[in-house]
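1. just the structure for this:
(one chain, ligands or ions: 1)
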Amino acid sequence: MEPLHTETLLRVFQLVTAMLAVATVGGAWHLKAERALWFWAGAFAAAALTQSARALAMALEAPRSLWVVGHQGGLLAALLLLLGLRVYLGQPLRWRLPAAFTAAVCAGSFALTVFTDQFWPSLVLTLLASAALTIPAAHAALQAWRVQRGFPLSLLAGDLILSAMLEVARALAVSPLVADTRAQLVQYNAIGLLLMIALVIGQALAMLLLLQDRALRQIEQLIEVDVLTGLLNRRGFDERLRRLLRRNSPQPPMLAVLDVDHFKNINDTHGHAVGDMVLSAVGARLREALRPQDLAVRLGGEEFAVIWPGPESGAARRLGERVRESISGHPFHTSAGPLRVTVSVGVAQAHGPDEPPEALFSRADAALYDAKRGGRDRVVLSG
Ligand SMILES: Nc1nc2c(ncn2[C@@H]2O[C@H](COP(=O)(O)OP(=O)(O)OP(=O)(O)O)[C@@H](O)[C@H]2O)c(=O)[nH]1
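-> Numbering: from 1, shown residues only. You can find the predicted model right below:
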């Protein structure tokens with residue numbers, strides 16, 4: 001088999017990173033709010049530009065110590081990748097220590113080349129330093145994957161783990177400890193380069209998938225969230241209720257439908273803006289009254305719902321009363337002064353996974369109708 005040619009691979013690496021830099025810079029420009037993408041574009045650009053600088057230094061027969069700029073580019077790319085990932089995950093940037101570390105290693109790699117007139121010590125140093133920056137990035141991606149799951153994070157975490165391992169393996173392979181001859185050292189380095197090109201492409205793909213994933217989740221949020229109250233809207237409610245019923249848990253979900261009493265009077269007496277204020281405050285009170293796993297929904301107008309995924313048996317009355325009390329218990333402070341607002345509540349416990357969501361909803365709604373007819377500000381349980 002023909003040996004791999006390092007100079008050709010370096011050209012390929014330069015072209016690939018340049019292309020990825022253009023794609024990510026374009027993406028960052030397009031998605032103005034995505035700060036992380038600027039860091040990642042910077043990582044690819046650092047690799048591409050320093051490879052170009054290295055080729056130029058060689059062509060101009062500049063001092064050999066300047067040729068190590070390519071090694072330093074790899075390290076700079078690892079730094080920017082780590083910082084970009086912290087930005088993406090919403091973590092504090094904490095850039096000072098890794099940036100100082102990168103600067104010190106770059107100076108060290110330059111000095112090593114001046115003193116030894118050899119390239120491999122600089123390559124070993126910068127590769128080990130790159131691994132030292134890639135390991136925390138891989139750790140952050142892995143931690144995030146544990147919480148969020150999904151293919152893009154697993155691709156990124158896997159790619160970064162392999163990258164850190166490759167950086168250490170390459171550092172060992174290009175040191176005289178492992179390679180017996182110069183030809184062997186060059187060959188090991190070329191194999192490492194080839195693998196690195198594949199991993200860099202993998203990183204770019206993972207990054208773009210991560211951004212697409214986030215955009216999809218934001219759209220999903222917009223579609224499913226009510227703007228006035230910040231609660232789930234009717235569309236989100238239908239979807240969650242269907243999913244919960246299908247789950248077939250030992251304790252089937254319970255649904256309450258509630259409606260603000262005589263809300264039209266509030267609008268007519270104090271104006272629509274005060275009405276909106278009350279609706280928004282109702283949403284906030286429902287959120288406060290529920291546990292994180294329970295769901296509060298604005299079905300539309302002055303009608304709300306609550307879903308308890310797995311309520312204790314026999315808790316329907318108590319939970320319904322807690323919801324009613326959270327609204328009717330204290331007056332609302334509005335620009336028109338304190339307003340006493342009451343709600344009527346209909347509660348229905350699902351019969352099991354075979355009950356269609358529409359049937360459960362109709363039972364809760366019928367109970368709500370009974371609560372209204374019975375005089376309002378009360379809880380009625382569906383039979
Ligand atoms: N301010 C405000 N009002 C809304 C909104 N959506 C619906 N409404 C109003 O809510 C009122 C609902 O009135 P009705 O359906 O007659 O019910 P109600 O006055 O609460 O009477 P009962 O339900 O029988 O106790 C209507 O006047 C709607 O215009 C909204 O987003 N903001």
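2. can you name the residue of this structure nearest to the ligand?
-> G275 (2.7 Å; C-beta to the nearest ligand atom). Backbone N, C-alpha and C define where each C-beta goes, glycine included.
3. so what's that residue up against?
-> Contact analysis of G275 by C-beta atoms under 8 Å, 6 or more residues apart in numbering lists 263, 266-267.
4. and those near the ligand, which?
-> Checking the contacts of G275 against the ligand by C-beta under 6 Å from any ligand atom, the ones in range are 263, 267.
5. compare the contacts of G275 and tell me which has the most neighbours.
-> I266 (23 neighbours; other C-beta atoms under 10 Å).
6. ok, it touching T342?
-> No - applying C-beta atoms under 8 Å, one finds I266 not in contact with T342, separated by 11.2 Å.
7. count of neighbours near R235?
-> Residues lying near R235 (other C-beta under 10 Å) number 13.
8. quick one: which helix or strand includes it?
-> helix 234-246 (DSSP states H and E).
9. elements contacting that helix?
-> Here helix 234-246 touches helix 182-224, strand 295-300, strand 303-308, helix 357-373, going by 3 or more C-beta pairs under 8 Å, 6 or more residues apart in numbering; DSSP states H and E.
10. what residues does it touch?
-> Identification of contacts with helix 234-246 by C-beta under 8 Å, 6+ apart yields 223-225, 232, 252-253, 255, 295, 297-300, 305, 307, 309, 350, 353, 355-357, 360-361.
11. the ligand next: which of those residues are close?
-> Counting by C-beta under 6 Å from any ligand atom, no member of the contacts of helix 234-246 is near the ligand.
12. now the helices: where do they sit in the stretch 251-383 of the chain?
-> Per DSSP state H, counting those that start in this stretch, the stretch 251-383 of the chain has helices spanning 263-270, 272-289, 316-328, 357-373. These are given in chain order.
13. tell me if I'm right that A289 and E321 touch.
-> No - with contact defined as C-beta under 8 Å, A289 does not reach E321; the gap is 10.6 Å.
14. which one's more surrounded, the two?
-> Set side by side, A289 and E321 show more neighbours around A289, with 18 against 15, by other C-beta under 10 Å.
15. now that one. Nearest residue, chain neighbours left out?
-> S326 (3.7 Å; C-beta to C-beta, 6 or more residues apart in numbering).
16. what's the burial count for the one you found?
-> Neighbour number of S326 under other C-beta under 10 Å is 19.
17. over to the one 5 residues further on?
-> When neighbours are counted by other C-beta under 10 Å, P331 registers 11.
18. next one: the nearest residue to it once chain neighbours are set aside from F115, what distance?
-> Leaving aside its sequence neighbours, P331 sits nearest to P338 (C-beta to C-beta, 6+ apart; 3.9 Å). Distance of P338 to F115, computed by C-beta to C-beta, to the nearest Å: 79 Å.
19. likewise R170?
-> In this structure, R170 and F115 are 22 Å apart, going by C-beta to C-beta.
20. could you do V282 as well?
-> Distance from V282 to F115, counting by C-beta to C-beta: 73 Å.
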